[in-house]
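Q: only geometry, no sequence info:
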DNA sequence: GATGTCCAACTTGTCCTATAAGCTGATGAC
DNA sequence: GTCATCAGCTTATAGGACAAGTTGGACATC
């Protein structure tokens, strides 16, 4: 049973360092910070009115996301954006919508490369127990089409189960981050996923190919699923920008 | 000129929190810590003789690697190993050789899935400037076959340049972590890479396919390169375990 | 006895102050 | 001009204090 970090509508309480890190990151993205020179611990603590400990932890968070480089004696420097850890859900919450939209498309292109092959590998090696779990999850998804949030949890589990059949911690980690990124961004835009009924049908197709131990079929089914997913993604984006235009 | 973080034989100076985090992680991997219950800040600071600030940062590091969960009021808990961030070079340095060997194989299987496709995509879309850089890098590699450390830097750049042609920050990040992981583990085992001459020849094949804008050729050349890489990896592992056996 | 309330103890979050250690740039000797 | 030295800035670590959140047990109630 996947544990939930917070109830759906709970206001997310974040520690001070995380809040300050979010502010600083947004400022860097905006170009409000002169090239390369990040503020020092002292400057952060004064500007945000927090203690030096918090300022320190802020910089450590940014460092762990490869946003800055920290070393004793030297000033903190901003790293090139190309090297930031875009696999982190934390970072994605701090980025403006335009960039998140781009990242989601890039994420999707990555999944199109990996997941069909994962499905094919799974068809060859998946255990009966894993198949049973997949079947169970499909049943749960069918019952949850009215509750998108819960549906997505099971959806996530379904794809991860297939990934797990590859018995590869690196791939596992990548897919884990990838799918979490997707849900994080969805929560960000506060959007309910569309087309759940179709998704269940597609999941069933994948499942049946796996049961038949048919690699080519599984690959094709997964590819179809992702391609439909992508259309949904684009439609959502379209909707979002329309709403934004209306607000202006 | 890529900057070097330290001279080859310099003893790596790490901050206290990183050292303590390494100890704790090894202890968790060894099973010396009862299930789920990680030591508290106070316990860490007493046991390792460090201040609470250091103990705190230690836990924050472990949390950023998804090794533990930290929340106010609650005890720190160890997360399931399957969810640890195996894409982090920091973590890989703390793991025992057997696990690193497994991870490197899993890493390789991931690259086999991604890199040939990346090469194919690059063949279709790469710019002349990027091609020029690749050509330059091949020249540098040919001149550096006697200096494995420096060779690997350029090797890394070569593969990243191809990845960059896909114009995808997610893939970029994955490949960045992946290749860094490889060099980190290599530094860990203190092993000089073998077969550099052959590697240069293979890089040239890839390069020529890219120049010819031949996706299928680039895909095939990259696949050959990776498969040879893999043989080298296995040979190195073989050698390593032989040496270990001799020491016993 | 079962149940619900409340509180004390424990744990992490934040603040303050002080000192050690490392880097950078400017100063000055040669 | 070149090079060593040093002052000043920055991060690293330490210790003590209080705030805030969680947990489990004591206790009253039914």
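A: Yep, that arrived. This is a predicted model, so every value here is computed, not measured.
Q: Look up the pLDDT of the most centrally placed residue in chain A for me, please.
A: Residue closest to the average C-alpha location in chain A (Cα atoms, centre = their mean): residue A:181, at 0.6 Å. Per-residue pLDDT puts residue A:181 at 79.
Q: Pull the contacting residues for it.
A: A:87, A:89, A:92, A:103, A:104, A:107 (Cβ atoms under 8 Å, 6 or more residues apart in numbering or on different chains). Glycine gets a C-beta too; all of them are placed from N, C-alpha and C.
Q: Return the member of the residues you listed nearest to DNA strand C.
A: Set against DNA strand C, the nearest of those by Cβ to the nearest atom of the strand is residue A:89 (17.5 Å).
Q: my read: that closest one touches residue A:180, true?
A: Yes: under the criterion of Cβ atoms under 8 Å, residue A:89 is in contact with residue A:180, at a separation of 5.2 Å.
Q: how close does the residue nearest to the centre of chain A get to residue B:166?
A: 18 Å (Cβ to Cβ, to the nearest Å).
Q: Is the one helix or strand residue A:131 maps to positioned near chain B?
A: Secondary structure from DSSP states H and E places residue A:131 in helix A:128-143. No: Helix A:128-143 stays clear of chain B (Cβ under 8 Å from any Cβ of the partner chain), getting no nearer than 13.9 Å.
Q: Just the buried residues of that helix, please?
A: A:130, A:131, A:134, A:137, A:138, A:140, A:141, A:142 (16 or more other Cβ atoms under 10 Å in any protein chain shown).
Q: What residues does chain A have near DNA strand C?
A: With Cβ under 7 Å from any atom of the strand as the criterion, chain A meets DNA strand C at residues A:15-17, A:49-54, A:57, A:71-74.
Q: any residues touching stretch A:71-86, and which ones?
A: Contacts of stretch A:71-86 (Cβ under 8 Å, 6+ apart): A:28, A:33, A:35-40, A:59, A:64-70, A:91-92, A:103, B:169-170, B:172-173, B:176.
Q: Separate out the buried members of those residues.
A: For the contacts of stretch A:71-86, buried by 16+ other Cβ under 10 Å: A:28, A:38-39, A:59, A:64-70, A:91-92, A:103, B:169-170, B:172-173, B:176.
Q: What residues does the closest residue to residue A:164 other than its chain neighbours make contact with?
A: Nearest non-adjacent residue to residue A:164, counting by Cβ to Cβ, 6 or more residues apart in numbering or on different chains: residue A:172, 6.4 Å away. Counting by Cβ under 8 Å, 6+ apart, residue A:172 makes contact with A:160, A:163, A:164, A:166, B:82, B:86.
Q: Run through the residues that contact the closest residue in space to residue A:214 that isn't next to it in sequence.
A: Spatially, and ignoring its direct neighbours in sequence, residue A:214 is nearest to residue A:123 (5.7 Å; Cβ to Cβ, 6+ apart). Residue A:123 is in contact with A:209, A:210, A:212, A:213, A:214, A:215, A:217, A:218, A:219, counting by Cβ under 8 Å, 6+ apart.
Q: before we move on, what about residue A:132?
A: Contacts of residue A:132 by Cβ under 8 Å, 6+ apart: none found.
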